[in-house]
Structures are given as structure tokens and as C-alpha cells.
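Enquirer: just the structure for this:
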Amino acid sequence: MIRNPVLPGFNPDPSFLRVGEDYYLATSTFEWFPGVQIHHSRDLVNWRLAARPLDRAGLLDMRGEPDSCGVWAPCLSHDGERFWLVYTDVKRYDGSFKDAPNYITCAERVEEPWSDPWHVNSSGFDPSLFHDDGRKWFVNMRWNHRGKGSGCNPAHDAFDGILLQEWSPERGLVGEVTNIFPGTDRGLTEAPHLFKRDGWYYLTTAEGGTGYDHAVTMARARDIRGPYETHPAKHVITAKGTDGPIQRTGHGQYVETHWGGIITAS
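Expert: Below you'll find the model as predicted:
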């Protein structure tokens, strides 16, 4: 029996990954070093701390950063050969700080030393990497600096939708940039994750901020660039309006189990 939370204590922003019959959860560490915690399980019940990959200044240098900055919302993925970790190093908390540097590193095993990072961009935060038929796609929220009334989502002008662009280790970001999802009327759209099943691309995002309005929103499309249609219920995970003991659920990711079911971490 799974007892929630499976990782008690401070383990926010889980990125959920399956490789064969092995399951991994990568979580934010903010200003704590080494950066990112990766837990491993074979049964989804018992979890062990497997790695803290950002363990040297070449991967994470947080000198001078204020509280609540540092590593936000990592994304752990696997392309069939290597593990890939995407992470944001937030340098400022106040003001228009959201254009923080986003990095990618990789390793053959999570317990081994991770590669020196690629700096991908400094656009928004909470990015992720999706592997599809030999290609890699980078997705992140875009921070809008243009002012009130100029954003893609009227609920919150600064959160300007989810950008998609192809990425490779050799060439970096290449090709067309597409804003694939402006978000719903809850706004504050961030933390995108893509997965594919039965010919559909599914996009999950966090919306509503990290307070009591927090939610996981889902949309899908036949083409990775869209158009994406929002789930009829919009928010497939949220505790808004409930009096349950667990509140503010909203940053999450789905995986397909090795027996064919779908489960989520949030």
C-alpha cells in the first residue's frame, strides 16, 4: 500500500520518471547544497536517496543568492541511454527576477558524476526536456516584461505561456520557437512537462501559484507544436475549495507504469 506523502518533509516540485522497472523522483533544493535530491524506488512504496547530483561549483554556484533562490523545479528524464537533468538556478527573488539561467546536465547512472552543464537560456523558469524519436525538445514558461495588458494570458500578464524549441547538446536551441499553451483562466502557468501516449502529446503545467489555488492543468495535441486542447476538467489535480489535510497541490508529473497504468507525483 502506498502511504502519502511517499517522501515526507521538504521535497517540493517532484519530477517523476520511470526507466524500465525503476522509478525516480527528483525534487527542488532551493538554497541547500548539494543541489537536487533524486530518490529511487522499485515498488513505489519504499524510496531511498540515490543522488544529490549538483555537487560542485561547476554545476551549481549559489554564492550571494538570497533565501528561497537556488534550484527550482528540476526535471529528470531518460533518452534510452542517459539520464538528463534540467534545472533553474534562481539568482534573485525580488522584482522581475524570473529570467533565471536554465541548465542541462547528464549522466549514465544517477549515482555517477554528472557532466559539466550546458547553459540553455535565461528565459523563465521550471523548464523540462522531452525526448521523442531521437529529438530533444526544451519547454519553459516565458516571463513577459512588456507590461500590463500585453501578455498571452489575461489572468496574469507576466506569465506569458509555454515555449517549445528543439535542443541538442551539439547545437543548443535550434529551429522555430512556438508558444504552445497560453494557460487557462487560473493563470500563473509554469512547470511544463510533456509525455506521449497512443499518438497524443500530453502537456501538464502548474497553475494558480503555489498557494491554495495551486493546480495541475492538462492539455493534449496530435502534434508536438499543437494546437493543444485543454482537458474538460482543466485542472486534473487541485485541493482548491477542499478542507483536506494536504493542500497547495499543483506541481506534478505523470508516468506510465511498467504494468501499463498511469500514476502521478505532485
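
Enquirer: which regions of the protein sit below the pLDDT cut-off?
Expert: In the predicted model, the chain carries pLDDT under 70 at residues 97.

Enquirer: the same query, at a cut-off of 90, please.
Expert: Applying pLDDT under 90 to the chain flags residues 1-6, 8-10, 92-99, 123-125, 144-158, 210, 237-239, 241, 243-252, 260-266.

Enquirer: can you map out the helices along it?
Expert: Taking DSSP state H as the criterion, the chain carries no helices.

Enquirer: for Gln165, give me its contacts.
Expert: Listed by C-beta atoms under 8 Å, 6 or more residues apart in numbering, the contact partners of Gln165 are Trp137, Phe138, Leu173, Val174, Gly175, Glu176, Val177, Thr178. (Each C-beta comes from the backbone N, C-alpha and C, glycine too.)

Enquirer: which of these count as buried?
Expert: By neighbour count, with 16 or more other C-beta atoms under 10 Å, those hold Trp137, Phe138, Thr178 as buried.

Enquirer: from those residues, which is closest to Arg18?
Expert: If you rank those by distance to Arg18 using C-beta to C-beta, Trp137 comes first, at 18.9 Å.

Enquirer: what bridges to the closest one?
Expert: Judged by DSSP bridges, the bridge partners of Trp137 are Phe130, Glu166.

Enquirer: just to check, it is in contact with Ser168?
Expert: No. Counting by C-beta atoms under 8 Å, Trp137 stays clear of Ser168, with 10.3 Å between them.

Enquirer: just the buried ones among the contacts of Gln165 now: which is nearest Gly151?
Expert: Closest approach to Gly151 among the buried ones among the contacts of Gln165 (C-beta to C-beta): Thr178, at 16.8 Å.

Enquirer: so how far is Ile224 from that closest one?
Expert: 9 Å (C-beta to C-beta, to the nearest Å).

Enquirer: common neighbours of the two, please.
Expert: Common contact partners of Thr178 and Ile224 (C-beta under 8 Å, 6+ apart): Leu164.

Enquirer: tell me, how many residues neighbour Gly261?
Expert: Number of residues near Gly261 (other C-beta atoms under 10 Å) recorded here: 8.

Enquirer: just checking, Pro53 touches Arg109?
Expert: No. Counting by C-beta under 8 Å, Pro53 does not reach Arg109; the two are 10.6 Å apart.

Enquirer: now the strands: where do they sit in the stretch 51-200 of the chain?
Expert: Secondary structure of the stretch 51-200 of the chain by DSSP state E, counting those that start in this stretch: the strands cover 70-78, 83-90, 102-107, 118-121, 128-132, 135-143, 159-168, 172-181, 190-197, 200-207.

Enquirer: parallel or antiparallel, list what pairs with the shortest one.
Expert: Take DSSP bridges as the rule and strand 118-121 pairs in its sheet with strand 102-107 (antiparallel).

Enquirer: can you point out the buried residues in the partner strand?
Expert: Residues Asn102, Tyr103, Ile104, Thr105, Cys106, Ala107 are the ones in strand 102-107 that count as buried (16+ other C-beta under 10 Å).
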